[in-house]
Each structure stands twice: as structure tokens, then as C-alpha cells.
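Colleague: Take this sequence and fold it.
(one chain, ligands or ions: 3)
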Amino acid sequence: MMRTRPLKVALLGCGVVGTEVARIMTTHADDLAARIGAPLELAGIAVRRPGKVREGIDPGLVTTDATALVKRGDIDVVVEVIGGIEPARTLIATAFEHGASVVSANKALLAEDGATLNEAAERHGRDLYFEAAVAGAIPLVRPLRESLAGDHVQRVLGIVNGTTNFILDRMDTSGAGYSEALDEATALGYAEADPTADVEGFDAAAKASILAGIAFHTRVRLDDVHREGITEVTSADLASAKRMGCTVKLLAICERAADGKSVTARVHPAMIPLSHPLASVREAYNAVFVEAEAAGQLMFYGPGAGGAPTASAVLGDLVAVCRNRLAGARGPGESVYARLPVSPMGDVVTRYHISLDVADKPGVLAQVATVFAEHGVSIDTVRQKGKDGEASLVVVTHRAFDAALSGTVEALRGLDTVRGVASIMRVEGE
Ligand SMILES: NC(=O)c1ccc[n+]([C@@H]2O[C@H](COP(=O)([O-])OP(=O)(O)OC[C@H]3O[C@@H](n4cnc5c(N)ncnc54)[C@H](O)[C@@H]3O)[C@@H](O)[C@H]2O)c1
Ligand SMILES: N[C@@H](CCO)C(=O)O
Ligand code: NA
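Modeller: Numbers count the residues shown, from 1 in each chain. Ligands and ions are numbered 1, 2, ... in the order given. A predicted model of the protein is given here:
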């Protein structure tokens, strides 16, 4: 039965995502009301630039005083799409104190201080939902939290940053260099004016920390996530990957150790075989594999960014949170009962593709092979191409501890016959 008194929503931020949230709330008002069981009322919109013309938005709802809006006391749900740490964190905390539930798309904040915000939600008996924070429109948080709540997740592996996927895809398909591909991503509006969070892997690391926390019922802090971005990936890496039947992707990988007693979370570029489904994820799309004990392998694919796709996830959360409010209930909150230790990157077992510039003379290959053997790293393949007394040597290893592989590379750098280490990349997905 439809309740006539509306549920009041405060929107914080009216940028790329906020504009679409307001638009969908208006255009689909009747459907949303029917699905929730009560109409939604957009009760206020906090913005930074009140003078800006916002098509379809009632100027009477706009305010620059976000704090006053969240303190009103009659707001049922606050939708935070400002981004960044402050003032978003304080506004969300204030919203809980004044009785509202919160929907947020803010991965940076959730990765930085999700524990405090989840505790505040719990203390005040309210919901904190954030489907849009990880892989945009793709349902991932809710499937992990709810649909897979009866299973045992072993691994989450995927492409969770659209900007970097676009850049790597362009480098692969058109042979463009990194800077050229970044310029194209900027021109098309994928990369932001300051693309650091994307290209240095901070955005993906924030998402990995959120995913690992939910998947393993363990708090995984942003600092626990090993992070490498794509700024050092070269056209030569892509060409080398191609020769191996691979491509290069920025991957987020969250895994349980084989004994199940610890977890790891990491973000770095990696070579993956062209036969792997992630290799065909093009442009700015995201895709995530979830491997669970009973379910087996699940793949989630779709647009991980953009105003409307991200607003879709926000609206889905808004409907769920409103239903909970009408039922006088809360949805599932943070689950960290497992409290598994997070192991360092050195404990990860993976393969390496190492490209070396060496002197082309007798005994060099044997010398290089000895360094691998001394570190307990087994070589899978070696490819050598010589020219004018110098040679380029590409070594692909079998699986070994990352610490052993790093030690190997360090020792190789110390050899007189090794002129330089042209590139080091992990190989995944085999
Ligand atoms: N754009 C995407 O594709 C996407 C995808 C997933 C998640 N997100 C997340 O959604 C959130 C919003 O992203 P966006 O792309 O819409 O950013 P945006 O920069 O387009 O919008 C943010 C808006 O908030 C406003 N703002 C800043 N401080 C404010 C304040 N104190 N009070 C009121 N308004 C304020 C800004 O003026 C801006 O209009 C971020 O957390 C982002 O990480 C975005
Ligand atoms: N900058 C992010 C937006 C979505 O979180 C990306 O490129 O994927
Ligand atoms: Na999502």
C-alpha cells in the first residue's frame, strides 16, 4: 500500500553524478514511489555554485549550506555525491546524528575512513549504502554483501578503473604512447583535469580496499593495498605482451591465502592472456571476477563510470534504503567478524615478465639464470635478441613469491653485464 507522506531526500553535490540523480528522481518519480511504497521528495540540494543554471532543477531547492541541510531533522536519506574526504565525511556523520540514512558514491572516503562511518551508521540505527563507489553501475557491493552472503569468497579480480582501461586499450590497439593515450582520455572526458588518482592507481586501490573488506569480512585499509599505477607502462610493454599472446590491464586483485588464514589486496598493471575474458574489456568499461567456493566463477561487467550509470547505482541504493526505513529496519551493515590479517605484497604468489638489456657475450645467460635460481625462482621461458654486442633478454618465470621475484630483480640490477632492467610486469589470469 502506498504511503502518502513522502520520504525526504537531501542531495549533496550536483555535479556529473548529482545532476543525473536529480533528473532520474524527477523523471521516474512515479515508478520509484511504486517500488518504494511512498513518494520521494527532493527536499534540498547542496551545491557550491548556486548561480549555475541547472536544467530541470527547482532553484528554490538549491542551497550552499550543506550543513544546515543535513541538520534539518526531517531528512530521511542524504545522498552524498560531493566526493573527497572533507566536508563529505563530516556531512555524513552529521546526517547520521540527525536521523538520516546515507547513500554515497565516495570510494575515496569509504576507503579512507569507512570504519568510522559504518560505526556511526550502526550507532544511530541507520543505513550506509555505497554501490556506486565500486565499479559505477555494475552491481557488485550488493551481490557480495547479500547474494553471496552464504558462500565463501576466495578471490575478487578485475578492472575497476575506466580511465586507465581506456588508456591501456588505446596503447594496445592504436600503438599510441602513454601520454598520447592520456591526452585522448582527457579530451573524451574520461580522465579528469588532474588524472593522478586514476593513473597512479589510487582510485582502483580505494575500490580494492572496499571490495576486499566486504568479500573477506575483514577491514582492509587503503594502506594495506599494494598499489602501482600505469604511468610506467610503455608501448614496448604492450608490444612484448602481444608477442606473448597477452595484453596489459590495470588489475585489482583481492585474494585469500591458500590456507585461508590471511588475505592480500593489490593494484598493479599485469599481462593477461588474450584468451582471458578480461582481455576483451575495452575502452572505459569495468569487469570483475568473483570466485566463490560454492558458486564458482562469476563475472560482472558494465560501465564503471559516467553520470547516468553511476546515478543508476545511487538510485538503486536509494530505493533499498527507503524500503528499509518504511519497514523500520536496517539493511546489512559492515561485516568484519573474520578479522583476517592482511599480508604484504611479498607474500603474494605470482609470475613475472622481466625485460633486461644485457651484454651479448658468453656466460651472460648462465649468470642471469643463476640469479633466478639463487632466489628460488623457476624460469618458464627465455627469449633473446642480440644486436651490436648488446642483447635484450625477456624472461618469464613460473609462479613464485613476489618477495623472491623482487629480490631477483634487485640482484640482476647489480650485475655488471645487465645494462638495465627495461620492464618488470606481473603475469596474471592463467
Ligand atoms: N563521475 C563518475 O563517473 C563517478 C563514478 C563513480 C563514483 N563517482 C563518485 O561520485 C562522487 C561525485 O562525482 P562527480 O563525478 O559527480 O564529481 P563532480 O566534481 O562532477 O561533482 C561534485 C560536485 O560537488 C560540488 N561540491 C563540492 N563541494 C561541495 C560542498 N561543500 N557542498 C555542496 N556541493 C559541493 C562541486 O561543486 C561539484 O559540482 C565522487 O565521490 C566520485 O568519486 C563518480
Ligand atoms: N575515475 C573513475 C570513475 C569511476 O569511479 C574511473 O575512471 O573509473
Ligand atoms: Na557498483
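Colleague: what does the stretch 1-150 of the chain put close to ligand 1?
Modeller: Counting by C-beta under 6 Å from any ligand atom, the stretch 1-150 of the chain comes close to ligand 1 at 12-18, 46-49, 66, 81-83, 87, 105-107, 132, 136. Any C-beta I mention is one placed from the backbone N, CA and C, and that applies to glycine too.
Colleague: Put the buried members of the residues you listed into a PyMOL selection.
Modeller: The PyMOL selection below is limited to those of these classed as buried (16 or more other C-beta atoms under 10 Å):
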select buried, resi 12+13+14+16+17+18+46+47+66+81+82+83+105+106+107+132+136
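Colleague: Ligand 2 next: which of the residues of the stretch 1-150 of the chain next to ligand 1 are close?
Modeller: Applying C-beta under 6 Å from any ligand atom, the subset of those adjacent to ligand 2 comprises Gly136.
Colleague: Out of the residues of the stretch 1-150 of the chain next to ligand 1, name the ones that lie in helices.
Modeller: Val16, Val17, Gly18, Ala66, Lys107 (DSSP state H).
Colleague: Distance of the residue lying farthest from the centre of the chain relative to ligand 1?
Modeller: Within the chain, the residue lying farthest from the chain centre (C-alpha atoms, centre = their mean) is Pro362, at 46.7 Å. Pro362 is 56 Å from ligand 1, where distance means C-beta to the nearest ligand atom, to the nearest Å.
Colleague: tell me the SS of the closest residue to Arg155 other than its chain neighbours?
Modeller: Counting by C-beta to C-beta, 6 or more residues apart in numbering, Arg155 lies nearest to Glu291, which is 4.2 Å off, once chain neighbours are set aside. Following DSSP: H, G, I helix; E, B strand; the rest coil, Glu291 is assigned to strand.
Colleague: What is the neighbour count of Glu291?
Modeller: 17 (other C-beta atoms under 10 Å).
Colleague: Can you tell me how far it is from Val156?
Modeller: Per C-beta to C-beta, to the nearest Å, Glu291 is found 8 Å from Val156.
Colleague: How about Arg282?
Modeller: To Val156, Arg282 is 21 Å away according to C-beta to C-beta.
Colleague: can you check Leu91 too?
Modeller: As for Leu91, its distance to Val156 is 30 Å (criterion: C-beta to C-beta).
Colleague: swap in Ala38?
Modeller: Noted for Ala38: a distance of 35 Å to Val156, by C-beta to C-beta.
Colleague: show me where this structure has helices.
Modeller: 16-27, 29-36, 66-70, 88-97, 107-123, 141-142, 162-174, 178-187, 196-199, 202-216, 235-243, 307-326, 364-374, 402-413.
Colleague: So for Val77, which of these sits nearest?
Modeller: Among the helices of the chain, helix 307-326 comes nearest to Val77, with 5.4 Å by C-beta to C-beta.
Colleague: Quick one: distance of that closest one to the chain centre.
Modeller: For helix 307-326, the distance from its own C-alpha centre to the chain's C-alpha centre is 20 Å (C-alpha atoms, centre = their mean, to the nearest Å).
Colleague: Now it: buried residues?
Modeller: For helix 307-326, burial by neighbour count (16+ other C-beta under 10 Å) applies to 307-325.
Colleague: For Gly429, give me the pLDDT.
Modeller: The score at Gly429 is 87. That number is its pLDDT.
Colleague: residue contacts, it?
Modeller: Going by C-beta atoms under 8 Å, 6 or more residues apart in numbering, Gly429 touches Leu157, Ala270, Ile272, Pro273, His276, Leu278, Ala279.
Colleague: try 6 Å this time
Modeller: By C-beta atoms under 6 Å, 6 or more residues apart in numbering, Gly429 lies in contact with Ile272, His276.
Colleague: For the stretch 51-200 of the chain, what lies in contact range of ligand 2?
Modeller: Taking C-beta under 6 Å from any ligand atom as the criterion, the stretch 51-200 of the chain approaches ligand 2 at residues Gly136, Asn161, Gly162, Thr163, Asp198.
Colleague: Could you give the number of residues near the nearest residue to the second one once chain neighbours are set aside?
Modeller: When you say that, I think you mean Asn161. Nearest residue to Asn161, sequence neighbours excluded (C-beta to C-beta, 6+ apart): Ala204, at 4.4 Å. Neighbour count for Ala204, taken as other C-beta under 10 Å: 31.
Colleague: So Leu91 and Val156 - more neighbours on which side?
Modeller: Using other C-beta under 10 Å as the criterion, Leu91 and Val156 rank with Val156 on top: 29 against 23.
Colleague: in the sheet, who's paired with that one?
Modeller: Per DSSP bridges, the residues bridged to Val156 are Cys254, Val290.
Colleague: doesn't Ala215 make contact with it?
Modeller: Yes. With contact defined as C-beta atoms under 6 Å, Val156 counts as touching Ala215 (5.1 Å).
Colleague: residues shared between the contacts of those two?
Modeller: With C-beta under 6 Å, 6+ apart as the test, Val156 and Ala215 both reach Cys254.
Colleague: List, one by one, the residues from the stretch 301-430 of the chain near ligand 1.
Modeller: For the stretch 301-430 of the chain, the residues in contact with ligand 1 (C-beta under 6 Å from any ligand atom) are Ala305, Gly306, Thr310.
Colleague: For the residue nearest to Gly15 when sequence neighbours are not counted, what are phi and psi?
Modeller: Closest residue to Gly15 apart from its sequence neighbours, by C-beta to C-beta, 6+ apart: Val81 at 6.9 Å. Here is the backbone geometry of Val81 (degrees, to the nearest 10): phi -130, psi 40.
Colleague: How about the single nearest residue of the stretch 251-400 of the chain relative to ligand 1, nearest residue that isn't a chain neighbour?
Modeller: Nearest residue of the stretch 251-400 of the chain to ligand 1: Ala305, at 3.4 Å (C-beta to the nearest ligand atom). Using C-beta to C-beta, 6+ apart and skipping the chain neighbours, the partner closest in space to Ala305 is Gly162 (4.3 Å).
Colleague: What about that neighbour, how many residues nearby?
Modeller: 25.
Colleague: Enumerate every residue touching it.
Modeller: Residues counted as contacts of Gly162 (C-beta under 6 Å, 6+ apart) are Ala284, Gly304, Ala305.
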